[in-house]
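> Predicted model follows, preceded by the sequence.
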Amino acid sequence: MAAGIFAKLVENFPSIPSSKSVIQDSGARGKLSFLTEEPVRALEMRGVNKHMCAEQPLKQILSATRTHWDRTEIRTAVRENFARMIDCRTPALGAEVYASETEEKLVYHTCKSRACPSCGHRATIQWQRETWCALPDIPYVGIVLTMPDVLWPIFRQNRHLLHDLPALGAAVIQQWAKLKYGVRVPIMVIPHTFGGHLNFNSHLHVLVSAGGLQESEGCWVNSLLFNKDKDEERDKGKLMRMWRFAVIAYLRATLEAKVLTSDLSPQELRTRLKEQYERWWSIDIDHFASKEHFLRYAGRYVRRPPIAQYRFVKVTDREVQFWTKDKIQKRRVNISCTPEEFVATLAEHVPDRYRHAIRYFGLLAPGSKTRTSAAVFALLGQQKRSRPRRLGWAFSRRRDFGVDPLIDRRGQAMHWIGRLSPHAQVGCLPPLAIPPSSV
């Protein structure tokens with residue numbers, strides 16, 4: 001039902017509404033240097049407690065509070081992801097077995113959960129490599145689309161509406177580019193539901209090129225200007241009004257279609273939406289001169305778990321303490337809560353199953369990319385790169401820590417000899433002959 005409402009909204013999407021518009025109450029090129037940075041050195045620069053990192057505090061908290069979150073009334077996605085994080089790199093997920101003439105090593109499988117800090121880091125690097133090869137070497141722009149905090153509880157209580165927010169944000173950017181320059185642009189949208197305090201804060205990180213394809217003339221238009229001035233008639237003001245209109249109109253439509261639930265009465269909710277439509281919404285625009293700078297920025301948000309391991313200050317059976325940045329005081333502050341409160345907060349940010357961490361629109365939409373990608377590279381006079389090979393776990397260890405995990409203590413090479421199934425006993429190796437492609 002919500003998807004149908006969104007389709008109708010986009011079909012009748014307005015141009016750029018003026019500051020006086022009213023919604024009626026009736027209805028509704030080079031080397032990727034960031035791929036060679038040492039995580040250990042990066043953690044030391046952040047002042048990370050090495051002991052805390054080694055102890056895996058997030059896994060400790062989830063294990064200690066399992067009776068609190070592993071219940072039938074908790075969302076299935078939360079239970080599955082938390083259970084996988086606990087089992088990450090343990091016999092519960094199985095292992096690959098490597099051996100030399102004198103030694104044997106078990107390499108346990110990882111959980112691949114988007115909520116897992118270590119697995120999320122590796123997935124981000126792989127995404128950066130693949131995206132670097134897929135995108136042309138042109139300037140890019142990052143746009144953060146936020147909404148007033150009084151609207152956050154609506155999306156928190158109606159999680160099914162979160163799925164349409166990326167498409168709304170992409171429609172706003174594409175409509176603006178079409179109206180101002182007559183072009184189509186590649187758009188990536190990264191939906192987020194958390195802030196630095198782990199509070200529920202639904203917003204979008206939109207990544208778009210600073211140039212676009214003018215299909216009518218068969219040419220590429222450079223220098224799309226995204227003006228950052230906070231002025232009603234400049235680009236930032238126009239984008240804000242379009243985004244504000246899209247969100248409020250969408251919420252009004254879902255309310256009239258009775259697919260939106262709230263603690264407020266329908267009339268109180270209409271009044272609140274009207275009040276929020278009349279105020280300024282904050283959006284942020286950043287310009288990136290290079291693709292590398294662009295991907296560095298995107299890597300901070302793509303497949304990123306709500307909290308990194310190094311942010312934990314103290315973990316006991318009664319208290320969880322982590323630090324965050326206070327933007328008003330411009331300093332770090334510590335936040336304390338009980339383990340149960342922490343897990344309940346963390347669970348709000350676990351995405352439902354089959355919900356993508358990155359959404360692609362415009363020239364990057366799956367249907368459009370195959371038709372226009374080659375033309376875009378040709379118009380720019382650039383050569384399209386082939387998709388890179390996936391990084392193996394052994395290569396990642398060598399790159400990040402300078403140690404080859406497949407060399408034993410005597411300097412001899414270790415080779416794959418078998419695989420342990422989940423929960424299998426050490427020594428019970430099945431007779432496998434085909435080596436795994438990755439771990």
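Here it is on my side, so go on.

> So the closest residue in space to Asp326 that isn't next to it in sequence: helix, strand or coil?
Using C-beta to C-beta, 6 or more residues apart in numbering and skipping the chain neighbours, the partner closest in space to Asp326 is Val333 (4.7 Å). For glycine as for every other residue, the C-beta is placed from the backbone atoms N, C-alpha and C. Val333 falls in the strand class when you classify it by DSSP: H, G, I helix; E, B strand; the rest coil.

> Quick check, Val333 in contact with Lys327.
No. Under the criterion of C-beta atoms under 8 Å, Val333 is not in contact with Lys327, lying 10.4 Å apart.

> Between the two, which has more neighbouring residues?
Val333 (12 against 9; other C-beta atoms under 10 Å).

> Next up, the contacts around that one.
Contact analysis of Val333 by C-beta atoms under 8 Å, 6 or more residues apart in numbering lists 323-326.

> Show me which positions of stretch 325-337 end up buried.
Buried residues in stretch 325-337, counting neighbours by 16 or more other C-beta atoms under 10 Å, are found at Ile335.

> What of stretch 207-217?
Buried residues in stretch 207-217, counted by 16+ other C-beta under 10 Å: 207-213.

> In strands, which of these appear?
Counting by DSSP state E, the part of the buried residues of stretch 207-217 found in strands is 207-209, 212-213.

> Out of these, which comes closest to Arg252?
Val208 (26.9 Å; C-beta to C-beta).

> surely the closest one meets Tyr140?
Yes. If you go by C-beta under 8 Å, Val208 and Tyr140 touch, sitting 6.9 Å apart.

> Serialize the buried residues of stretch 207-217 to TSV and add fields for pLDDT.
Putting those into TSV (pLDDT from 0 to 100) gives the following:
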residue	pLDDT
Leu207	92
Val208	94
Ser209	93
Ala210	91
Gly211	91
Gly212	93
Leu213	93
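
> Not counting residues beside it along the chain, what's closest to Pro148?
That would be Gln276: by C-beta to C-beta, 6+ apart, it lies 5.1 Å from Pro148.

> Return the residues in contact with Arg79.
69-71.

> Which strands or helices does the helix or strand where Glu275 lies pack on?
Using DSSP states H and E, the element containing Glu275 is helix 266-277. For helix 266-277, the packing partners by 3 or more C-beta pairs under 8 Å, 6 or more residues apart in numbering; DSSP states H and E come out as helix 235-256.

> Whatever helix or strand comes next after the helix holding Glu275 - which strands sit beside it in the sheet, and in what orientation?
Sequence-wise, the next helix or strand downstream of helix 266-277 (DSSP H and E) is strand 283-288. Sheet pairing of strand 283-288 (DSSP bridges) gives strand 140-145 (antiparallel).

> pLDDT of the helix or strand just after the partner strand, averaged?
With elements assigned by DSSP H and E, the helix or strand that comes after strand 140-145 is helix 152-157. The average pLDDT within helix 152-157 is 94.

> Show me which residues of helix 152-157 are buried.
152, 154-156.

> Flag every buried residue along the helix or strand following it.
Next along the chain after helix 152-157, taking DSSP H and E as the criterion, comes helix 165-181. Buried residues in helix 165-181, counting neighbours by 16+ other C-beta under 10 Å, are found at 165-177, 181.

> what do you get for stretch 379-395?
379, 393-394.

> from what I can see Val313 touches Ile335, true?
No. The criterion here is C-beta under 8 Å, and Val313 misses it with Ile335 at 9.1 Å.

> Touching both of these two, which residues are there?
Counting by C-beta under 8 Å, 6+ apart, the residues touching both Val313 and Ile335 are 321-323.

> out of those residues, which are buried?
Buried, going by 16+ other C-beta under 10 Å: 322-323, out of the shared contacts of Val313 and Ile335.

> hang on, the earlier thing: what is the nearest of the buried residues of helix 152-157 to Thr261?
Among the buried residues of helix 152-157, Ile154 lies closest to Thr261 (C-beta to C-beta), at 9.0 Å.

> Arg390 and Gln126 touch, don't they?
Yes. Using C-beta under 8 Å, Arg390 makes contact with Gln126 at a distance of 6.3 Å.

> quick one: the strands in the chain?
95-99, 104-108, 140-145, 186-194, 200-209, 212-214, 219-221, 283-288, 312-315, 320-326, 331-337, 359-362, 415-420.

> The fifth one packs against which elements?
Where contact means 3+ C-beta pairs under 8 Å, 6+ apart, strand 200-209 is packed against strand 140-145, helix 152-157, helix 165-181, strand 186-194, helix 291-299.

> Ile358 contacts Val302, correct?
Yes. Ile358 is in contact with Val302 according to C-beta under 8 Å; the separation is 6.1 Å.

> For those two, work out which one has more neighbours and name it.
Val302 (21 against 18).

> Now the more buried one. Its backbone dihedrals?
Val302 adopts backbone torsions of phi -70, psi 130, taken as degrees, to the nearest 10.

> Next, the contact list for it, please.
With C-beta under 8 Å, 6+ apart, Val302 has these contacts: 124, 127-128, 190, 357-358.

> any idea how far it lies from His415?
From Val302 over to His415 the distance is 34 Å, taken as C-beta to C-beta, to the nearest Å.

> Ok, Arg371 next?
For Arg371, the distance to His415 - C-beta to C-beta - is 45 Å.

> Only the buried residues of stretch 216-225, if you could.
Buried-residue list, stretch 216-225, by 16+ other C-beta under 10 Å: 220-221, 224.

> Dump those to CSV, plus pLDDT and distance to Ala298.
Shown next, in CSV, are the buried residues of stretch 216-225 (pLDDT from 0 to 100; distance: C-beta to C-beta, whole Å):
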residue, pLDDT, distance to Ala298
Trp220, 93, 22
Val221, 92, 23
Leu224, 84, 18
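
> for those residues, which one is nearest Gly411?
The nearest member of those to Gly411, counting by C-beta to C-beta, is Trp220 at 53.8 Å.

> per-residue confidence at the residue nearest to that closest one when sequence neighbours are not counted?
Closest residue to Trp220 apart from its sequence neighbours, by C-beta to C-beta, 6+ apart: Leu379 at 4.3 Å. What the model reports for Leu379 is a pLDDT of 93.

> Compute the number of surrounding residues for Ser270.
If you look again at residue 270, you'll see it is Arg, not Ser. Arg270 has 19 nearby residues by other C-beta under 10 Å.
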